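> fold the following.
(2 chains)
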2 protein chains.
Amino acid sequence: MTYCVSMLLDTGLVFLSDSRTNAGVDHVSTYRKCIVFEDPGLRVMVMQSAGNLAITQSVASLLQDEIRAADDRASLMNCRSMYDAACLVGAAIRQVEARDAESLKHHGLEFNPCFILGGQVLGEAPRLFNVYAAGNFIEATLDTTYFQIGESKYGKPIIDRVIRRSSGLAEATKCALISMDSTIRSNLSVGLPLDLVIVRRDQMKVARHVSIDADNAYFRSISSGWGEALRHAFVQLPEQDWIGNR
Amino acid sequence: MTYCVSMLLDTGLVFLSDSRTNAGVDHVSTYRKCIVFEDPGLRVMVMQSAGNLAITQSVASLLQDEIRAADDRASLMNCRSMYDAACLVGAAIRQVEARDAESLKHHGLEFNPCFILGGQVLGEAPRLFNVYAAGNFIEATLDTTYFQIGESKYGKPIIDRVIRRSSGLAEATKCALISMDSTIRSNLSVGLPLDLVIVRRDQMKVARHVSIDADNAYFRSISSGWGEALRHAFVQLPEQDWIGNR
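You can find the predicted model right below:
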């Protein structure tokens, strides 16, 4: 499994993904699920993936092939908008589907990749897309400040409660880490290290890309601090005497 | 969908279930998912259900038929232990499966009921079981203080963090309500009113059975109070300056 979350804010974008893949609990590995495409000053894109690793790696390989191609074919590094970039991701998904889906089905495997693609191309505002297995996609609007893929449920309530478009990048990063921590605690198949990427609006480059492992002091302080804060908040709420005495 | 949670504590049991069923978002109804079987002073059992309503209602009907039968057949009201009661629930599930599963499959429907059965029979301690669609079941042990069925993920992290066997009944009820509130906020298919049942250890009867709707002052205070407490806790946690300035 996987958990990736990304947030689109007034001041930029925050991407956080875990790195655990598993084919059964006896076959657990670490693979990064986050790729950065960057031409500083002109464009920056971050892609996160969830689903069958063979599929998502193939999609990423096709996108990278397009970039390396000597001819003038469209790629993430020359397309004119984030919308066009999302179309390219969708087209790569469909290419892998055309090649692999039938065989996968034969082996009882679903064609289930999904991607988050966010970033900014010079000339437009930062944008964020959720690309589905069918190659279609939705874009985050003013009402949608974030997308999640993979094991999204455990870590959703806290985002819903605290994140708005106006949230700062550091605040959003804190929320993403809390959301990830809740997910890691509840689901063995989501695990460290984490990939954190922060993009500031109008810089057209990565502001920070950091790998967060168990030794990261800030993540540890968030993880233990949030547990304590929750327990404290819980104790503070009133109890009702439902049955006459406790 | 459904969300039911039950907790086994040193001092008794707490059961909380929602009442929303849906067959598509245009077909939403209210059905209680919690049934009490009680012979005060001798036995008390509470059964919660999730899954296809036609299946879970059939299972409940069969169990009630057994109780009403004039002959001496085993039933929830005469069995000697909670273990035997869980076996009876499993047997009723298998009876419905034998009758309905093939036709359901034909219509593309899964045979997916699941049940929580908890309570106390005179002569043994309170016990709590999670009964699966196959009619088999697991029992809560010292390491497992709760079971959830239905839409369980949104409301799981808070239970994991605050509930222990030693938690009081009022404290556990508060936690169950917070867990339910988080689920209702995140999943449209889980909704009010709620069925709350509290059983005190060694009373062999229901201590409190209450329906909680949107007007319930305590649930409203928990719901709004928890949101505020979370936001407050979030603000209190430190932010890291990841990118030099915010």
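
> hang on, isn't A:G168 packed against A:G12?
No - contact criterion CB atoms under 8 Å: A:G168 and A:G12 do not qualify, at 9.4 Å. Glycine gets a C-beta too; all of them are placed from N, C-alpha and C.

> more neighbours: the two, which one.
Ranked by neighbour count (other CB atoms under 10 Å in any protein chain shown), A:G168 and A:G12 place A:G12 first, with 22 against 15.

> give me phi/psi at the more buried one?
Note on A:G12: backbone dihedrals following degrees, to the nearest 10 are phi 150, psi -150.

> who's in contact with it?
A:P126, A:L169, A:I198, A:V199, A:R200, A:R201, A:Q203, A:A207 (CB atoms under 8 Å, 6 or more residues apart in numbering or on different chains).

> got the CA coordinates for stretch A:68-88 in CSV?
Coordinates of each C-alpha in stretch A:68-88 appear next as CSV, following Å, rounded to 0.1, in the frame of the first residue of the first chain:
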residue,chain,number,x,y,z
ARG,A,68,15.0,12.1,-23.3
ALA,A,69,13.7,11.6,-26.8
ALA,A,70,15.7,13.6,-29.4
ASP,A,71,12.7,14.4,-31.5
ASP,A,72,10.2,17.1,-30.8
ARG,A,73,7.6,15.0,-29.1
ALA,A,74,5.6,16.5,-26.2
SER,A,75,6.9,15.8,-22.8
LEU,A,76,6.6,17.0,-19.2
MET,A,77,9.6,19.2,-19.8
ASN,A,78,8.2,21.1,-22.9
CYS,A,79,4.4,21.1,-22.5
ARG,A,80,2.8,24.5,-22.1
SER,A,81,0.6,24.0,-19.0
MET,A,82,0.0,21.7,-16.1
TYR,A,83,-3.2,20.7,-17.9
ASP,A,84,-1.1,19.4,-20.8
ALA,A,85,1.2,17.7,-18.4
ALA,A,86,-1.8,15.9,-16.8
CYS,A,87,-2.8,14.8,-20.3
LEU,A,88,0.6,13.3,-20.8
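
> so in chain A, where's the weakest helix or strand by average pLDDT?
Within chain A, no helix or strand scores below strand A:28-30, which has a mean of 67 by mean pLDDT, DSSP states H and E.

> please, where are all the strands along chain A?
A:3-9, A:12-17, A:20-22, A:28-30, A:34-39, A:43-50, A:114-121, A:127-131, A:137-139, A:146-150, A:194-200, A:206-212 (DSSP state E).

> partner strands of the second one, with direction?
Going back to what we said before, that points to strand A:12-17. strand A:3-9 (antiparallel), strand A:194-200 (antiparallel) (DSSP bridges).

> turn the ones you listed into CSV, including mean pLDDT and mean neighbour count.
Listed next are those as CSV, based on pLDDT from 0 to 100; neighbours: other CB atoms under 10 Å in any protein chain shown:
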stretch, mean pLDDT, mean neighbour count
strand A:3-9, 97, 27
strand A:194-200, 96, 24
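
> nearest residue to A:Q120 in space, please, no chain neighbours.
Spatial nearest neighbour of A:Q120, chain neighbours left out: A:P126 (4.2 Å); criterion: CB to CB, 6 or more residues apart in numbering or on different chains.

> next, count neighbours for the one you found.
A:P126: 23 neighbours (other CB under 10 Å).

> check contacts around the residue nearest to A:G225 when sequence neighbours are not counted.
Counting by CB to CB, 6+ apart, B:L237 is the residue found nearest to A:G225 once chain neighbours are left out, at 5.1 Å. By CB under 8 Å, 6+ apart, the residues touching B:L237 are A:K174, A:I178, A:S221, A:I222, A:G225, A:W226, A:A229.

> what sits up against stretch A:87-95?
A:47, A:59, A:62-63, A:66, A:74-76, A:79, A:113, A:115, A:117, A:129, A:131, A:133-137.

> from the residues you listed, list the buried ones, please.
Neighbour counting over the contacts of stretch A:87-95 (16 or more other CB atoms under 10 Å in any protein chain shown) leaves A:47, A:59, A:62-63, A:66, A:75-76, A:79, A:113, A:115, A:117, A:129, A:131, A:133, A:135, A:137 as the buried ones.

> so which of the residues you listed also contact chain B?
Checked against chain B using CB under 8 Å from any CB of the partner chain, the buried ones among the contacts of stretch A:87-95 give no members in range.

> what segments of chain A are helices?
A:53-68, A:82-106, A:156-162, A:169-186, A:217-236 (DSSP state H).

> for the record, mean pLDDT for the longest one?
Spelled out, it's helix A:82-106. For helix A:82-106, mean pLDDT is 96.

> buried stuff in that helix?
Judged by neighbour count using 16+ other CB under 10 Å, the buried positions of helix A:82-106 are A:82, A:85-90, A:92-94, A:96-97, A:100-101, A:104.

> from the chain's centroid, how far away is stretch A:43-54?
Relative to the chain's own centre, stretch A:43-54 is displaced by 8 Å; criterion: CA atoms, centre = their mean, to the nearest Å.

> state the mean pLDDT of that stretch.
94.

> on that earlier part again, for the residue nearest to A:G225, phi and psi?
phi -70, psi 140.

> which one of the contacts of A:G12 sits closest to B:M7?
The shortest approach to B:M7 among the contacts of A:G12 belongs to A:L169, at 39.4 Å (CB to CB).

> who are the contact partners of the closest one?
A:L9, A:T11, A:G12, A:V14, A:I198, A:R200, A:A207, B:W242, B:I243, B:R246.

> pLDDT weak spots in chain A?
Counting by pLDDT under 70, chain A has low-confidence residues at A:22-30, A:245-246.

> ok, 90 please
A:1-2, A:19-33, A:53, A:70-73, A:142-144, A:157, A:161, A:185-192, A:243-246 (pLDDT under 90).

> wait, A:M7 sits on A:L177?
No - at 11.8 Å, A:M7 does not count as touching A:L177 under the criterion of CB under 8 Å.

> buried sites along stretch A:162-176?
Here stretch A:162-176 shows A:V162, A:I163, A:S167, A:L169, A:A170, A:E171, A:A172, A:T173, A:K174, A:C175, A:A176 as buried, counting by 16+ other CB under 10 Å.
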